[in-house]
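[1] Sequence and predicted model, in that order:
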There are 2 protein chains.
Amino acid sequence: MSEERLRSIEELGEFGLIAHLTKDLEKRQESTLKGVGDDAAVIDFGSQCQVVTTDMLVEGIHFDLMYTPLKHLGYKSVIVNISDVYAMNAVPRQITVSVAISGKFSVEALEQFYEGVKMACQQYGVDMVGGDTSASLTGLMISVTALGTAPKKEIVYRSGAKVNNLACVTGDLGAAYMGLQVLEREKKVFEEDSKTQPMLGDYEYVVGRFLKPEVRVETLLKLRELEVLPTSMIDISDGLSSELLHICKESDCGVVIYQEKLPISMEVQLAAAEFRLEPLIPVLNGGEDYELLFTVPLSAHDKVKSIPGISIIGNITEHKGTAIMMTEQGQAIALQAQGWQAYSR
Amino acid sequence: MSEERLRSIEELGEFGLIAHLTKDLEKRQESTLKGVGDDAAVIDFGSQCQVVTTDMLVEGIHFDLMYTPLKHLGYKSVIVNISDVYAMNAVPRQITVSVAISGKFSVEALEQFYEGVKMACQQYGVDMVGGDTSASLTGLMISVTALGTAPKKEIVYRSGAKVNNLACVTGDLGAAYMGLQVLEREKKVFEEDSKTQPMLGDYEYVVGRFLKPEVRVETLLKLRELEVLPTSMIDISDGLSSELLHICKESDCGVVIYQEKLPISMEVQLAAAEFRLEPLIPVLNGGEDYELLFTVPLSAHDKVKSIPGISIIGNITEHKGTAIMMTEQGQAIALQAQGWQAYSR
């Protein structure tokens, strides 16, 4: 019985579950411009809008304290939330941070966590304005809400992509996923022989991308400076394939991307080789890079090209709901939210 | 070592811990009018302000699923948060609801929880605009953020009480605490003999106050109608004594209340008698009633008197930080956040 129940939540999956539970939500407040279904909700305050987003981080699910320093965890808890604010093309202003902690944590441990929170607040100019602390019977649970603002006409939703728009990503992809693999391997080695010191030297970049992600604010500023307003945008927290499919679904379109255009760092290629992994796997399906995926009109091509740290990876098509990757060999592969399969042609 | 660490968080206590962890928070955003330290944070949007508050509910700490129906839990999760919005004299507009759930919960169980959330949203005219769902290794954890608005000049802080102001409370006190005692007793009986059916008939009122609290919106509307703006306000979630001390601390004043003015329902008196409890204990220190404690200028006495469901329980004094209760026998008792002690006179 219990297994059957478990399966049914698993079958729905996270997105299915949210869709199921929120399917008959009514809108009562005029100020609610956008509710569930984007990186953040949007609330109307006249010419300004506020965006609101919230994310939970649960010990044993989202993080492993064996290899996650609490300071990094505090920092990352803020980043994953303000990343959603930036993905609406808004500027984060305030956050609230709630933690539930078991008795195993000391005041000093909590101080480290909040030091990380404060560092992220300083780095991104955000105020921590509230939160809650609670006991927990087991482990650590973190819930952050981030608030940001943007002029109403500058808010970018997932739903604005148009046929022939260019699909772009910031930075490079797959590094956080490879960082996680390295940390998991070191954890196993440590569990077998606790005298071994972790060897992370060669993997500093990928491990850093996992433990201390950043948001590509400079790219967003550059886009604003050149007056390029993305038609749609989303942050890459669940992997490129998954986010492309979100854009396709919300914008009622398709997308084709080109393998040779995908930004892969040398570090990801080397780590993938060592782990005997096809590098496309972390690039397409590795999450937590917190890069931005966005679309722009074709006319913005030259401007976007001129901005360092942006890769144009493909374009929006009229094939609703399908995200295709063209391999270097000219094969078309249908991208899926989890894993990917060869597409018959 | 671990016990020593545990003690140090316990020694600080929740309020001490929050004060400790947030002591050096910087303010970077001009729009942040009030951060940590009131029922909610306040953000400036010109003539309108937004208030933001967040609360966590953790299984085994804040609720026991043995006697808490999930629908009630969903409802209550919303109420405890919008209660903080109302306590700022603001109107709740939007909420986000995040849940972390273990595999033992079915989709149907989650549906019941969200049904309760939606009922509360409907009752109070609030939109659920976002949230997060996550797996959890153990138990259920809920994090709600509530957003509301008010004209800047109508926001009521904890810090505005002035000497000779009247201290008032809505409704009656101690019922939720007695409801919890009844439920805990029935749980024990059930654990000893699972064939016994719970006997809650005589305790419908107190159990209802615990499981399905409401906010005294009609009283707030009446105050507004009569143009009485409270000088300070707080919702009674941790018990009257604790909230009185918050007002004293933030307003840099003292307070005296009178035992015979405290609103106690017949149901609380009967339940207390049966549990051989001094009824003052739930009234002063029982939490979760979600009544409102507020202060008004002496000049508002007649208006406040005319509003049903408000008790004037005492007045603000110049004795900074001291909350005194005068008993019916004329004894002065110093109120403390937890428990209460005879005050030498």
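    Structure's in. What do you need?
[2] Which pLDDT value belongs to the residue of the stretch 151-300 of chain A found nearest chain B?
    Per Cβ to the nearest Cβ, residue A:237 is where the stretch 151-300 of chain A lies closest to chain B, at 11.3 Å. Placement of C-beta: from N, CA and C, glycine included. Looking at residue A:237, its pLDDT reads 93.
[3] phi, psi of it?
    Note on residue A:237: its backbone torsions stand at phi -100, psi -30 [degrees, to the nearest 10].
[4] right, and it touches residue A:290 too?
    Yes: counting by Cβ atoms under 8 Å, residue A:237 touches residue A:290, with 6.4 Å between them.
[5] so what's in contact with these two at the same time?
    When contacts are counted by Cβ atoms under 8 Å, 6 or more residues apart in numbering or on different chains, residue A:237 and residue A:290 have A:80, A:83 as shared neighbours.
[6] So for the two, which residue has more residues nearby?
    residue A:290 (24 against 20; other Cβ atoms under 10 Å in any protein chain shown).
[7] Is that one in a helix, a strand, or coil?
    coil (DSSP: H, G, I helix; E, B strand; the rest coil).
[8] residues touching it, list them.
    Neighbour list for residue A:290: A:79-80, A:83, A:176, A:213-215, A:235-237 [criterion: Cβ under 8 Å, 6+ apart].
[9] Over to it: give its phi and psi.
    phi 60, psi 30.
[10] Could you do residue A:212 as well?
    According to degrees, to the nearest 10, residue A:212 has phi -140, psi 70.
[11] which residues touch it?
    Counting by Cβ under 8 Å, 6+ apart, residue A:212 touches A:72, A:75-76, A:79.
[12] Let's see which of these end up in helices.
    A:72, A:75-76, A:79 (DSSP state H).
[13] before we move on, the earlier item: tell me the one of the contacts of residue A:290 nearest residue A:243?
    residue A:236 (5.2 Å; Cβ to Cβ).
[14] burial count for that closest one?
    25.
[15] and what of the one 4 residues further on?
    By other Cβ under 10 Å, 28 other residues sit near residue A:240.
[16] quick one, what contacts the closest residue to it other than its chain neighbours?
    Of all residues not flanking residue A:240 in the chain, residue A:284 sits nearest, at 5.3 Å (Cβ to Cβ, 6 or more residues apart in numbering or on different chains). Contact partners of residue A:284, counting by Cβ under 8 Å, 6+ apart, are A:173, A:239-241, A:262, A:325, A:335, A:340.
[17] Then residue A:184?
    Contact analysis of residue A:184 by Cβ under 8 Å, 6+ apart lists residue A:67.
[18] buried set for the one helix or strand it maps to?
    Using DSSP states H and E, residue A:184 sits in helix A:175-192. Buried residues in helix A:175-192, counted by 16 or more other Cβ atoms under 10 Å in any protein chain shown: A:175-183, A:186.
[19] Out of those, which one has the lowest pLDDT?
    Within the buried residues of helix A:175-192, pLDDT is lowest for residue A:186, at 89.
[20] In this structure that residue contacts residue A:179, no?
    No: at 10.8 Å, residue A:186 does not count as touching residue A:179 under the criterion of Cβ under 8 Å.
[21] where exactly do the helices run in chain A?
    Secondary structure of chain A, counting by DSSP H: helices at A:2-21, A:70-86, A:107-124, A:175-192, A:204-211, A:217-225, A:240-251, A:266-274, A:280-285, A:301-305.
[22] list the helices and strands the last one packs on?
    Looking back up the chat, that one is helix A:301-305. Judged by 3 or more Cβ pairs under 8 Å, 6 or more residues apart in numbering or on different chains; DSSP states H and E, helix A:301-305 is in contact with strand A:166-170, strand A:310-317.
[23] In terms of secondary structure, what does the last one contact?
    If I follow you right, that is strand A:310-317. Using 3+ Cβ pairs under 8 Å, 6+ apart, strand A:310-317 sits against strand A:166-170, strand A:254-258, helix A:301-305.
[24] could I get these as CSV with mean pLDDT?
    Listed next are the helices and strands packed on strand A:310-317 as CSV, based on pLDDT from 0 to 100:
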stretch, mean pLDDT
strand A:166-170, 98
strand A:254-258, 98
helix A:301-305, 98
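[25] Quick one: which of the contacts of residue A:284 is the most crowded by neighbours?
    Greatest neighbour count in those, by other Cβ under 10 Å, goes to residue A:173: 30 neighbours.
[26] what residues are up against that residue?
    For residue A:173, the contact set (Cβ under 8 Å, 6+ apart) comprises A:236, A:240, A:262-264, A:268, A:282-284, A:286, A:289, A:291.
[27] Could you count how many residues lie near the closest residue to it other than its chain neighbours?
    Nearest non-adjacent residue to residue A:173, counting by Cβ to Cβ, 6+ apart: residue A:283, 4.5 Å away. Residues lying near residue A:283 (other Cβ under 10 Å) number 28.
[28] and the gap between residue A:283 and residue A:311?
    Residue A:283 is 11 Å from residue A:311, where distance means Cβ to Cβ, to the nearest Å.
[29] what touches both of these two?
    Common neighbours of residue A:283 and residue A:311 (Cβ under 8 Å, 6+ apart) are residue A:262.
[30] can I see the domain layout of chain A?
    Chain A resolves into domains spanning A:29-152, A:166-342 when parsed by automatic domain parsing.
[31] Highest mean neighbour count out of these?
    Highest mean neighbour count among the domains of chain A (mean count of other Cβ atoms under 10 Å in any protein chain shown): domain A:29-152, with a mean of 22.
[32] so how far is the first residue of that one from its last?
    Using Cα to Cα, to the nearest Å, one end of domain A:29-152 lies 17 Å from the other.
[33] for stretch A:13-30, same thing?
    Using Cα to Cα, one end of stretch A:13-30 lies 31 Å from the other.
[34] Repeat that for stretch A:131-146.
    Across stretch A:131-146, first to last residue, Cα to Cα, it's 11 Å.
[35] to the chain's geometric centre, what's the distance from that stretch?
    21 Å (Cα atoms, centre = their mean, to the nearest Å).
[36] Then stretch A:44-55?
    Centroid separation for stretch A:44-55 versus its chain: 19 Å, with Cα atoms, centre = their mean.
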